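In: got a predicted model here, sequence first, then my questions.
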Amino acid sequence: MMRGALLVCLVPILACKTPPPTGPVTTGPDPAKPEPVVTRPPEKLDPVVPPAKPGADAKLLEECRSNIGKAKEQHAALVGEKAARTIENTLDRLNELYRFISNAASPGGLYSEVHPDAKVRDAARTCEQEATQLLTTVFVDKAVYDAVKAVNVKTADADTKRFVMVLLRDFKRSGILLPDAQRLRTKEIDDELTKVGQQFQKNIAEDTKVVEVTDPKRLTGLPADWIAGHPADKGVIKITTNYPDYTPVMTYADDDALRKELYIKFRQRGEAGNEALIKQMLVLRAEKAKLLGFKTWADYQSDDKMLRGGAAAQKFLDRVTGLAKKRTKRDYGELLARLKKIDPKATAVADWQSSYLEEKVKKENYEVDATAVRSYFPFAQTLSGLLEITSTIYDIQYQPATDPRTWHADVKVFDVMRKGQKLGRIFLDLHPRDDKYKHAAQFTLVEGIAGKQLPEGALVCNFSQPKGAAKGLMDHAEVVTMFHEFGHLMHHVLGGQQRWFNQTGVATERDFVEAPSQMFEEWGWTHETLSRFAKHADTGAALPEDLVKKMRKARKFGVGRWAAQQMFYAAVALEFHRVDPAKLDQLATLKKMQAKYTPFAYVDGTKFHASFGHLYGYSSMYYTYMWSFVIAKDLLTPFEKPGLMATAQTFKYRDKILIPGGTKPAAQLVRDFLGRPYDFKAFERYLATDQ
């Protein structure tokens with residue numbers, strides 16, 4: 001998942017970007033050309049001030065408001081300019097205006113989700129709100145729009161022409177051409193959405209529920225290292241709804257009642273207030289969409305994307321559902337057959353049983369024991385392997401930062417280098433804490449602007465932390481998640497070298513941004529790559545190639561279930577934004593979508609939508625994960641023969657897809673890399689084959 005300076009793009013022009021002593025860092029080779037598309041001497045850059053480690057909420061607000069003040073100065077200078085409009089006196093000033101707003105909003109968006117101090121988190125939300133309010137003010141300011149429109153860019157370079165084209169389009173999407181009262185109402189809506197969305201996310205992050213176990217026998221089936229990490233306190237073992245607890249219990253615990261209890265609590269997070277907040281979001285979004293001439297928010301939200309319109313999105317959902325139907329039915333049949341071995345009277349598989357049964361089927365039918373596989377993925381070793389692989393395929397090096405200023409001692413900080421030149425900085429916050437963001441995402445901390453500041457991004461995840469003799473063993477699914485989110489981070493850093501703010505980093509169409517990260521998951525699935533770092537935690541033996549082959553075959557079991565679940569989530573997000581909010585029964589709609597798209601029945605007492613954080617960030621566009629996945633499969637086709645570590649292809653991919661950022665439409669980036677338009681063929685093969 002990708003989170004940006006503002007998770008949700010409240011104003012279309014603000015491009016959303018959707019997870020102590022450092023371990024050993026290896027650096028890749030320094031191959032010959034091709035060189036990156038954009039290079040520039042570090043000495044020409046303004047000093048990049050590292051993110052502050054706020055000791056108090058007042059300090060954070062002071063730094064935030066300093067940047068907001070600088071943005072206001074640029075705004076005043078821009079609209080007050082008396083001379084003829086030029087790139088220098090108008091576009092460059094608007095670029096600076098945005099840079100300062102982003103420098104206020106981005107740390108606010110991050111700290112509100114990860115800082116251990118509640119006062120700082122609250123101050124960060126205030127900071128983000130104030131920055132967003134200024135941004136919405138700018139993008140409903142007719143004087144700014146008129147100034148941009150007056151700049152003659154006929155002889156300008158292609159990037160500048162595209163900058164203005166996208167800028168004017170997004171001004172219109174912000175309501176700039178509406179009558180004054182309606183235009184100002186769009187700003188009010190955006191400001192209200194920020195507050196509602198932040199509270200929605202806060203309710204999820206701070207609602208950690210607990211299941212208490214007094215009989216250790218109930219933990220039968222769970223990995224030994226997990227059990228060792230959960231000692232009883234006064235006879236009670238506490239299992240939380242955080243992922244390092246939730247995922248292992250749902251996958252390995254033999255106690256069906258324990259899995260059901262934790263499943264229900266997990267899907268009750270945020271229920272106290274989030275249904276009301278969802279309704280507020282939907283009402284506000286529907287109002288804005290209608291003001292701007294769209295039938296629904298789904299139509300408005302996707303109007304500038306690759307897949308346009310709510311009807312087109314629904315057609316896509318139907319197509320994927322149809323393609324996956326046969327495999328979904330087969331997967332469910334295998335799960336039910338396995339359940340009957342436990343309970344001969346069983347007639348249906350419950351959702352809380354699906355992961356557990358899938359693991360059993362993979363172990364028995366595909367000879368893949370996930371508890372054995374995880375022994376090859378100690379956390380520190382896996383992270384080092386990921387850094388080594390990306391170092392090689394992108395010709396970059398990771399240098400531990402000498403001046404790290406972080407929000408928590410667990411955060412690792414590296415400068416990303418190439419041939420002695422600093423390209424950006426990454427922050428790795430990879431372990432769970434109380435009140436911390438509960439999922440996995442890449443957050444923008446600094447937007448890269450050529451000649452002004454280098455990109456900085458934070459990876460925020462919730463993987464088990466090595467403690468003492470415990471090495472923090474990772475399930476292979478967690479390894480894949482780490483690779484996925486790191487794909488976003490690489491896109492942010494390598495693409496963050498552009499001049500214009502709406503082209504830097506992950507600035508492509510929103511329904512393309514997951515494609516590079518989903519594509520990079522494949523590097524976590526081949527022996528060619530895994531053998532570089534996957535060593536047994538106790539023996540040091542390398543992950544066997546035949547086991548990887550079995551893992552790859554086993555992953556195809558369950559792909560139907562996965563596709564069905566993805567379409568369910570996408571359908572909930574889409575349907576919530578296509579119907580009249582006043583008539584929407586959230587729980588009834590959720591039940592209807594679950595029955596339509598998945599083989600699993602709704603579980604009484606759950607309210608999944610209350611903790612569905614994507615309803616804020618991705619709104620109606622959760623389907624972008626599957627849309628991007630289709631493209632990701634196509635992007636992998638040039639690697640089929642030479643392999644994933646073939647630098648001739650990885651460098652080309654880096655230069656054609658990642659480094660350009662948003663300087664071209666996503667479809668053109670794909671065409672530049674593949675030499676043809678994208679298609680569904682690779683995705684269809686993926687669903688149809690068993691390898």
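Out: Cool, got the structure.
In: all contacts plus neighbour counts: C-alpha atoms, from now on.
Out: OK.
In: output stretch 588-605 as PDB - backbone C-alpha positions only.
Out: The C-alpha trace of stretch 588-605 is given here as PDB (Å, rounded to 0.1, in the frame of the first residue of the first chain):
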ATOM      1  CA  ALA A 588     -26.300  -5.100   4.400                       C
ATOM      2  CA  THR A 589     -24.300  -4.000   1.400                       C
ATOM      3  CA  LEU A 590     -21.200  -5.700   2.800                       C
ATOM      4  CA  LYS A 591     -23.100  -9.000   3.300                       C
ATOM      5  CA  LYS A 592     -24.500  -8.700  -0.200                       C
ATOM      6  CA  MET A 593     -21.100  -8.200  -1.800                       C
ATOM      7  CA  GLN A 594     -19.600 -11.000   0.300                       C
ATOM      8  CA  ALA A 595     -22.300 -13.400  -0.900                       C
ATOM      9  CA  LYS A 596     -21.800 -12.300  -4.500                       C
ATOM     10  CA  TYR A 597     -18.100 -12.500  -4.800                       C
ATOM     11  CA  THR A 598     -16.800 -15.000  -2.200                       C
ATOM     12  CA  PRO A 599     -17.700 -18.500  -1.300                       C
ATOM     13  CA  PHE A 600     -17.500 -17.600   2.500                       C
ATOM     14  CA  ALA A 601     -20.600 -16.600   4.500                       C
ATOM     15  CA  TYR A 602     -20.700 -13.500   6.500                       C
ATOM     16  CA  VAL A 603     -19.800 -14.000  10.200                       C
ATOM     17  CA  ASP A 604     -22.200 -12.600  12.700                       C
ATOM     18  CA  GLY A 605     -20.800  -9.800  14.900                       C
END
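In: residues of it that come out buried?
Out: Leu590, Lys592, Met593, Gln594, Tyr597, Thr598, Pro599, Phe600, Tyr602, Val603 (16 or more other CA atoms under 10 Å).
In: kindly report the same for stretch 469-481.
Out: Lys471, Gly472, Leu473, Met474, Asp475, His476, Glu478, Val479, Val480, Thr481.
In: give me the contacts around that stretch.
Out: 225, 229, 370-371, 373-380, 382, 440, 463-466, 521, 524-525, 537 (CA atoms under 8 Å, 6 or more residues apart in numbering).
In: quick one: buried ones out of those residues?
Out: Members of these classed as buried by 16+ other CA under 10 Å are 370-371, 373-380, 382, 440, 463-465, 521, 524-525, 537.
In: mind listing which of those are in strands?
Out: Among these, none falls in strands (DSSP state E).
In: from memory Ser375 sits against Thr539, does it?
Out: No. At 9.7 Å, Ser375 does not count as touching Thr539 under the criterion of CA atoms under 8 Å.
In: wait, a strand at Arg425?
Out: Yes. Under DSSP: H, G, I helix; E, B strand; the rest coil, Arg425 sits within a strand.
In: who's in contact with it?
Out: Going by CA under 8 Å, 6+ apart, the list of residues near Arg425 reads Val413, Phe414, Asp415, Val416, Leu454, Pro455, Glu456, Gly457, Val493.
In: and the furthest pair within those?
Out: The distance between the two most remote of these (CA to CA) is 14.6 Å, for Val413 and Leu454.
In: hang on, Thr589 is in a helix, isn't it?
Out: Yes. Counting by three-state DSSP, Thr589 is part of a helix.
In: quick check: buried residues in the longest helix along the chain?
Out: As assigned by DSSP state H, the longest helix anywhere in the chain is helix 310-342. For helix 310-342, a neighbour-count test (16+ other CA under 10 Å) marks 310, 313-314, 316-317, 320-321, 323-325, 327-328, 331-332, 334-339 as buried.
In: and it, what other elements does it pack with?
Out: Identification of packing neighbours for helix 310-342 by 3 or more CA pairs under 8 Å, 6 or more residues apart in numbering; DSSP states H and E yields helix 297-301, helix 351-365, helix 559-576, helix 681-688.
In: can you check what angle separates that helix from helix 681-688?
Out: Put simply, helix 310-342 runs at 20 degrees to helix 681-688, going by axes from the mean of the first three to the mean of the last three CA atoms, to 10 degrees.
In: and stretch 275-284, C-alpha only, in CSV?
Out: Extracted in CSV, the C-alpha atoms of stretch 275-284 (Å, rounded to 0.1, in the frame of the first residue of the first chain):
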residue,chain,number,x,y,z
GLU,A,275,-19.7,3.6,10.5
ALA,A,276,-20.8,7.1,11.2
LEU,A,277,-17.5,8.5,9.8
ILE,A,278,-17.9,6.3,6.7
LYS,A,279,-21.4,7.8,6.1
GLN,A,280,-19.9,11.3,6.5
MET,A,281,-17.2,10.6,4.0
LEU,A,282,-19.7,9.2,1.5
VAL,A,283,-22.1,12.1,1.9
LEU,A,284,-19.3,14.6,1.4
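In: can you list the residues that contact it?
Out: Counting by CA under 8 Å, 6+ apart, 189, 193, 196-197, 199-200, 576-577, 581-582, 586, 609-610, 615-616 sit against stretch 275-284.
In: how about a cut-off of 7 Å?
Out: Ile189, Leu193, Val196, Phe200, His577, Pro581, Ala610 (CA atoms under 7 Å, 6 or more residues apart in numbering).
In: wait, which of those residues is closest to Pro677?
Out: His577 (30.2 Å).
In: over to Glu206: give its phi and psi.
Out: phi -100, psi 10 (degrees, to the nearest 10).
In: I'd guessed it sits against Asp435; true?
Out: Yes. Using CA atoms under 7 Å, Glu206 is in contact with Asp435, at 4.7 Å.
In: looking at those two, which has the bigger crowd around it?
Out: The residue with more neighbours, out of Glu206 and Asp435, is Asp435; 21 against 16, by other CA atoms under 10 Å.
In: list the contacts for the more buried one?
Out: Taking CA under 7 Å, 6+ apart as the test, what Asp435 contacts is Ala205, Glu206.
In: sec struct for it, please.
Out: coil.
In: any figure for the gap between it and Gln201?
Out: Counting by CA to CA, to the nearest Å, the separation of Asp435 from Gln201 is 11 Å.
In: all helices of the stretch 151-300 of the chain, in order?
Out: 158-173, 180-205, 224-228, 243-252, 256-266, 274-291, 297-301 (DSSP state H, counting those that start in this stretch).
In: quick one: contacts of the last one?
Out: Same thing as helix 297-301. With CA under 7 Å, 6+ apart, helix 297-301 has contacts from Arg285, Ala286, Ala289, Phe294, Gly309, Gly310, Leu574, His577, Arg578, Ser620.
In: circling back to that earlier point, separate out the buried members of the contacts of stretch 275-284.
Out: By neighbour count, with 16+ other CA under 10 Å, the contacts of stretch 275-284 hold Ile189, Leu193, Val196, Phe200, His577, Pro581, Ala610 as buried.
In: A helix includes Phe414, no?
Out: No. Using three-state DSSP, the secondary structure at Phe414 is strand, not a helix.
In: quick one: pLDDT of it?
Out: In this model, Phe414 is scored at 96, pLDDT.
In: what's near enough to touch it?
Out: By CA under 7 Å, 6+ apart, the neighbours of Phe414 are Tyr398, Gln399, Pro400, Ala401, Arg425, Ile426, Phe427.
In: closest to Ala123 out of those residues?
Out: Phe427 (21.0 Å).
In: list the beta-bridge partners for that closest one.
Out: Beta-bridge partners recorded for Phe427 (DSSP bridges): Val413, Ala458.
In: what about it, neighbour count?
Out: 24.
In: could you list the domains of the protein?
Out: Per the record, the chain has its domains at 2-18+50-203, 210-266, by automatic domain parsing.
In: take those domains and write them to a markdown table, including mean pLDDT.
Out: Shown next, in a markdown table, are these (pLDDT from 0 to 100):
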| stretch | mean pLDDT |
| --- | --- |
| domain 2-18+50-203 | 86 |
| domain 210-266 | 95 |
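In: name the residues that touch stretch 592-602?
Out: Under CA under 7 Å, 6+ apart, the answer for stretch 592-602 is Val349, Ala350, Asp351, Ala564, Gln565, Met567, Phe568, Ala571, Val572, Lys591.
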